[in-house]
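Peer 1: Attaching a predicted model along with its sequence, questions to come.
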2 protein chains.
Amino acid sequence: MRGSYYTFYQRASHAFRDYPSLSKLVVICTISGGGLAAYSDVRPFGNVYADAAQPAIKKKKVVVLGTGWAGTSFLKNLKDPSFDIQVVSPCNYFAFTPLLPSVTVGTVEARSVVEPIRNIVRKNNLDFGFKEAECFKIDTANKKVHCKPTQNNSMGGKEEFTVDYDYLVIAMGARANTFNTPGVVENAHFLKEVEDALRIRRSIIDCFEKASLPSVNEEEKKRILHFVVVGGGPTGVEFAAELHDFLHEDLIKLYPDLEKYISITLLEAGDHILNMFDKRITAFAEEKFQRDGISVKYGSMVVKVADKSITLKERSSGETKHIPYGMVVWSTGIGTRPVITDFMKQIGQGNRRVMATDEWLRVEGVPNVYALGDCATINQRRVLEDIAAIFSKADKSGSGKLNVEDFNEVIKDIIERYPQVEIHLKSKKLKNFVQLLETHQGESAKQTTLDIEKFKSALSEVDTKMKSLPPTAQVAAQQGEYLAECFNRMKECDENPEGPIRFRDSGRHRFKPFRYKHLGQFAPLGGEQTAAQLPGDWVSIGHSTQWLWYSVYASKLVSWRTRFLVVGDWGRRFVFGRDSSRI
Amino acid sequence: MRGSYYTFYQRASHAFRDYPSLSKLVVICTISGGGLAAYSDVRPFGNVYADAAQPAIKKKKVVVLGTGWAGTSFLKNLKDPSFDIQVVSPCNYFAFTPLLPSVTVGTVEARSVVEPIRNIVRKNNLDFGFKEAECFKIDTANKKVHCKPTQNNSMGGKEEFTVDYDYLVIAMGARANTFNTPGVVENAHFLKEVEDALRIRRSIIDCFEKASLPSVNEEEKKRILHFVVVGGGPTGVEFAAELHDFLHEDLIKLYPDLEKYISITLLEAGDHILNMFDKRITAFAEEKFQRDGISVKYGSMVVKVADKSITLKERSSGETKHIPYGMVVWSTGIGTRPVITDFMKQIGQGNRRVMATDEWLRVEGVPNVYALGDCATINQRRVLEDIAAIFSKADKSGSGKLNVEDFNEVIKDIIERYPQVEIHLKSKKLKNFVQLLETHQGESAKQTTLDIEKFKSALSEVDTKMKSLPPTAQVAAQQGEYLAECFNRMKECDENPEGPIRFRDSGRHRFKPFRYKHLGQFAPLGGEQTAAQLPGDWVSIGHSTQWLWYSVYASKLVSWRTRFLVVGDWGRRFVFGRDSSRI
């Protein structure tokens, strides 16, 4: 249509967009880059598979519910073109949620942390469809999911539809947990979605504009400018810190008369904030907040959120208190979504709090359904449950005794199948399984043999080391990547299973079970200071850690575009501060 | 509070924010820059006036209604600290509206084109207050304005308040004009405010997501992806062009299956689009739109906008037609706001369509009330109305005859007071007034004298050259700057009036009347092409003009922050395209 109008400019621009990872290359040799891009424009590789002349083999349908960390990580890593992928999610984008607290105050813009899911997937050249809708029912009997569009149709209603699946990947995340506290949904802000962050940002400015009106008296000003954060976990703490910086670095310059009315309170039901972190981090954070004038109230349960005040009950005294507030942000952990609760009842998990999967992320009790991320938890099998099976598998000769050689053959499989064994070894500072047996055997295990009782007692403490994984982006992303890898190698592993021995059955598991690698966790504390707890309990706090945080987050962003934008936002904030226009 | 934590980083960052215009300087010699900034932090010059020990003279209260182009330009240029400024506006920011069409598709982000009004004004160190509220009544008898906050108070209601004034500056702009067409307000998008642009952006993505749902048939897809723009003025045309680029450069990559359903229609009631521009520009634009596949329908009036179709009446045939659409943007010019209509009735301008001011921007009929920008128009006095007064003023001797010497004394004042005289001279290619008289006198005017009849006939055509100013940002900004200059020099000019002679009175006018300088106008046409009509009817079209557009707009932005952001956005779009996440 506009062939003759193609300028150097447009070609270069296409090249960048089609091959963002080529950006550096393209900057250097733009002309060949432009050529490449033009070529890619006329031959969409993605459709080559579908359009092939021979009658296509019917592709297996993979339906993915959700485009959060787990779903997106799965989609990003799925490369096998032999699946037909359908994604259903109310968001047509992936959001880099660890930066949401920064979005609430405009340190980073919302657009900078999102990437359209279509853009992420189209790079893999898969058969891919996206539906902007919410799944409200999973029908495992007929292998379909029931969906409702997020937008009304022209009649003002919503036309429901169903999507069939061969494999279902549930990655719908969780909802904010209100513990059924009255008034929370009506009056508090959550901080889970991009839209929550945008609403909080507007709400902060609204408070300042409201307090600037001539009809507002002193007491009202104090109330309106009292910001309350409920929950002293990483999100609540980071938000409180970001809010403090925004108020004191930016807003008091524009609203100097209101400075004396501003206050921030953090409510924590326990005795410490950031209690999942090392004590040194908790202590530093508490001290810093005190210095900053952020008041932290421990041991107080919120029992009600009215439109102008929060009712607290102090755990120690049982006293009830009303605190007037202007804005409240609720960040006290996660709960199960109603659709998942319904689904759990349907598949016989009705008595559980969280949906359970096995170590391969398969939902327990239903074939071909997987669950990743915050919507499920891995129900790790105990060693002691299977101890007899393990023993008999190792005891090939059926002698009722194991010697070390018997044992060495299955050690790898045991450790792979039961990750708690490895954790136990590490915590006891033992080099290997044989040493563990030795500590229980007295002298040298190499010489002796074990019967089942001795074997049991050697492994008796192992299961206490089991821990469910935290509901973090890191876990969800690793699960998505793991499952995509399984799908990519499904055919290969069907033929050559690579998992551990099936102790209670014959043969081997098709895949290795999912194993989480903890890479550390950050807790930004404001004022360009961050605390980090890195693997090996290495703790780092301060300005240099903030730079580590900057670099890790910049590198983890999902695309070159978001990386460029977020780094730009940080620079903009550094030079010009945060914007407080009410849009 | 955090004194000891001041790092080099924070100081530098303060310096940038306090003296953004120093940015270059500060980059080069950061340490002295930091020092300067620290100094400015502890001495807010703005309050020195207010806090002075002697009993302060009661400051005159200037109330400004509106923070658009006119109001902001007034505030930005007001330097005299002897006023107490109160601003009332529903927006706590100024928006660079010429970039709104770019915001609708994400070429530029909304945040990049706004600047908090407090930030703009605080640089002038004035006594300044801002109220986020809407003025709903002007009471000239008691010199106060009645306002309603934009936010509900805690009771869910809105507590009205009043603000007193000594001088009132009305700069509330206009509303979109629907010509009372039924269904426009309910079903169409306007494009006047930042929020309109954001809504349009979401709406475009919504159309694509809706059309991607499995329950939508082919015909529905066509309807949903039919984008209609009503109004072929600069805004409508620019929006259609931006939309076309967004659809064809970005969205069809993510929604390749929908390409065949997309269409854009531009409805223009007249015979041409961009009819206020040179014919060459109109022709180029029409040709380009045809090439781009944007269908332009001329001579059709919209008589109704239903939720799924627009009803047109063709001017030539009188036929009625229904066009199904997915999204419609209404951009057919401006109308008067209800509060201004009420005010006009109150001050005896009830029979006018637009509020009238004199050439000094004073609202006719009320003292100390000024009106700027789109909410008013200058009611330029006709020469012929005043011809007797002019003649008698020039005829000092009272002889009933004017000779050229008499005349030369008042020529400058006439031209200053009646700008149409100058326009007439220019259009006739006459060098000066004497030449004009000569053309009516036959030979040489220098020798002869004029009586009143001859004088009248010489000036008879002059008033036909009067033209009201277009409702553009350029006019509004110049008016704001002009009025601020008047306020800045009010005392000075009270003593030494610098305006033209009062022909119907004695003495001189205090100020020179407002005079508009047209600097040209752009019409971006998409595909990196822009048309420009520059002063002297110089026309420039094409890619190079786009670069001119880029540089002019970048230089006109209100702050270094927005400049940095907009240029960043352009770069981002060039490299990564526009984002289509639905947030």
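Peer 2: Thanks, I have it. Fair warning: this is a prediction, and the values are worked out from it, not measured in the lab.

Peer 1: For the rest of this, base every contact and every neighbour count on C-alpha atoms.
Peer 2: Fine.

Peer 1: can you give me the strands for the stretch 351-500 of chain A?
Peer 2: Assigned by DSSP state E, counting those that start in this stretch, the stretch 351-500 of chain A shows strands spanning A:355-357, A:369-371, A:376-378, A:402-403, A:449-450.

Peer 1: Remind me what the last one packs against, helices and strands.
Peer 2: Taking 3 or more C-alpha pairs under 8 Å, 6 or more residues apart in numbering or on different chains; DSSP states H and E as the contact definition, the neighbouring helices and strands of strand A:449-450 are strand A:402-403.

Peer 1: Ok, the first one next?
Peer 2: Helices and strands touching strand A:355-357, by 3+ C-alpha pairs under 8 Å, 6+ apart, are helix A:338-346, strand A:376-378.

Peer 1: possible to save those as TSV with distance to residue B:540, mean pLDDT and mean neighbour count?
Peer 2: Shown next, in TSV, are those (distance: least, C-alpha to C-alpha, whole Å; pLDDT from 0 to 100; neighbours: other C-alpha atoms under 10 Å in any protein chain shown):
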stretch	distance to residue B:540	mean pLDDT	mean neighbour count
helix A:338-346	60	96	16
strand A:376-378	62	95	23
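
Peer 1: and residue B:515, which of these is closest to it?
Peer 2: Nearest of those to residue B:515, taken as C-alpha to C-alpha: helix A:338-346 at 66.1 Å.

Peer 1: For that closest one, give me every contacting residue.
Peer 2: Helix A:338-346 is contacted from outside by A:135, A:136, A:137, A:138, A:350, A:351, A:352, A:355, A:375, using C-alpha atoms under 8 Å, 6 or more residues apart in numbering or on different chains.

Peer 1: returning to that earlier point: so which of the helices and strands packed on strand A:355-357 comes closest to residue B:501?
Peer 2: It is, among these and with distance given as C-alpha to C-alpha, helix A:338-346, at 79.6 Å.

Peer 1: from the middle of its chain, how far away would that closest one be?
Peer 2: On the basis of C-alpha atoms, centre = their mean, to the nearest Å, helix A:338-346 sits 21 Å off its chain's mean C-alpha point.

Peer 1: for the stretch 151-300 of chain A, which spans come out with low pLDDT?
Peer 2: For the stretch 151-300 of chain A, applying pLDDT under 70 flags the ranges A:153-157.

Peer 1: go on, the stretch 1-150 of chain A?
Peer 2: For the stretch 1-150 of chain A (pLDDT under 70), the answer is A:1-56.

Peer 1: which residues in it form strands?
Peer 2: Under DSSP E, counting those that start in this stretch, the stretch 1-150 of chain A gives strands at A:60-65, A:83-89, A:93-95, A:114-116, A:127-139, A:144-149.

Peer 1: what does stretch A:200-217 rub up against?
Peer 2: Outside stretch A:200-217, the residues that touch it by C-alpha under 8 Å, 6+ apart are A:103-106, A:189, A:220-221, A:224-225, A:255, A:258, A:326-327, A:580-583, B:130-132, B:149, B:151, B:153, B:159-161.

Peer 1: Mind checking which of these are buried?
Peer 2: Buried subset of these (neighbour count, 16 or more other C-alpha atoms under 10 Å in any protein chain shown): A:103-106, A:189, A:220-221, A:224-225, A:255, A:258, A:326-327, A:580-583, B:130-132, B:149, B:151, B:159-160.

Peer 1: So which of the residues you listed are in helices?
Peer 2: A:103, A:104, A:105, A:220, A:221, A:224 (DSSP state H).

Peer 1: Those residues: which two are farthest apart?
Peer 2: A:103 and A:220 (27.3 Å).

Peer 1: Which neighbouring elements make contact with the helix or strand hosting residue A:244?
Peer 2: For residue A:244, the element it lies in under DSSP states H and E is helix A:234-245. Applying 3+ C-alpha pairs under 8 Å, 6+ apart, one finds that helix A:234-245 contacts helix A:100-105, strand A:226-230, strand A:263-268, strand A:521-526.

Peer 1: by contact count, what packs against the second one?
Peer 2: Translated: strand A:226-230. helix A:234-245, strand A:263-268, strand A:327-330.

Peer 1: Surely residue A:375 is in contact with residue A:174?
Peer 2: Yes. Assessed by C-alpha atoms under 8 Å, residue A:375 is found in contact with residue A:174 at 5.4 Å.

Peer 1: Would you mind listing the residues touching both of those two?
Peer 2: In contact with both residue A:375 and residue A:174: A:336, A:337, using C-alpha under 8 Å, 6+ apart.

Peer 1: between these two, who's got more neighbours?
Peer 2: Between residue A:375 and residue A:174, residue A:375 has the larger neighbour count (other C-alpha atoms under 10 Å in any protein chain shown), namely 24 against 20.

Peer 1: Identify the residues contacting the residue nearest to that one when sequence neighbours are not counted.
Peer 2: Excluding its sequence neighbours, the residue lying closest to residue A:375 (C-alpha to C-alpha, 6 or more residues apart in numbering or on different chains) is residue A:173, at 4.6 Å. Going by C-alpha under 8 Å, 6+ apart, residue A:173 touches A:66, A:68, A:337, A:373, A:374, A:375.
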